[in-house]
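*Asks:* From the sequence below, what's the structure:
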Amino acid sequence: MHRDIQEIQVACFRLGEDLYAIDIMRIKEIIRPLKLTSLPKFPAFMEGIINLRGTVIPVVDLRRRFDLPDVEDTSSTRLLIVSLAGQVLALVVDEVTEVVTVPVKDIKPPPHLGEGIDAEYLIGVCLVKQDLIMLLNIDSLLSSQEAHELGTVRERLVES
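*Replies:* Numbers count the residues shown, from 1 in each chain. Sure thing, here's the model as predicted:
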């Protein structure tokens with residue numbers, strides 16, 4: 001029996017001063033950064049790969065993906081392990097702040113911004129405790145070509 005979704009739970013995180021969120025149903029786990037292995041010829045937003053309990057996982061730096069200034073990792077830096085395009089990816093964020101429940105009716109269409117994150121990466125925006133939160137559409141983080149290339153690289157690494 002299908003029922004309409006009234007609200008969603010999202011994990012909120014920071015990139016610089018801005019707050020973003022991802023539906024918690026898309027997050028497998030949240031971890032501290034692990035030892036990173038850089039790979040040549042990766043797109044600029046790909047930091048490299050990590051080995052998480054025997055699984056090779058590509059690491060996407062959301063700051064680079066969104067053309068935000070680079071910063072050094074801190075003790076608050078986290079990796080969001082997500083499922084995307086049939087693959088598992090790690091997304092680098094500055095800090096995970098909280099999990100909140102957002103009524104679907106409170107989610108507004110993304111604004112067309114002059115600078116910063118492109119609207120194509122957003123599902124919408126909402127206010128939580130007076131903070132503007134941008135809800136990420138993680139399915140738009142990789143083009144189909146980028147997802148295919150990542151899958152090919154990952155397969156080669158697993159085979160070797």
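*Asks:* which stretches of the chain form helices?
*Replies:* 62-65, 144-159 (DSSP state H).
*Asks:* model confidence over the last one, on average?
*Replies:* For helix 144-159, the mean pLDDT works out to 66.
*Asks:* Equivalent analysis for stretch 12-19, please.
*Replies:* On average, stretch 12-19 scores 93.
*Asks:* Quick check: buried residues in that stretch?
*Replies:* By 16 or more other Cβ atoms under 10 Å, the buried positions in stretch 12-19 come out as 12-13, 15, 18-19. For glycine as for every other residue, the C-beta is placed from the backbone atoms N, C-alpha and C.
*Asks:* ok, what's across the strand from the residue nearest in space to the middle of the chain?
*Replies:* Centroid-nearest residue in the chain: residue 91, 4.5 Å away (criterion: Cα atoms, centre = their mean). Counting by DSSP bridges, residue 91 is bridged to residue 60, residue 80.
*Asks:* what does residue 18 give?
*Replies:* residue 15.
*Asks:* What's the end-to-end length of stretch 79-95?
*Replies:* End-to-end span of stretch 79-95 (Cα to Cα, to the nearest Å): 9 Å.
*Asks:* Can you point out the buried residues in that stretch?
*Replies:* Those would be 79-82, 84-85, 89-94, for stretch 79-95 by 16+ other Cβ under 10 Å.
*Asks:* what stretches of this structure score poorly on pLDDT?
*Replies:* 1-3, 112-118, 148, 150-160 (pLDDT under 70).
*Asks:* wait, the residue nearest to the centre of the chain sits on residue 83?
*Replies:* No: using Cβ atoms under 8 Å, residue 91 makes no contact with residue 83, being 11.3 Å away.
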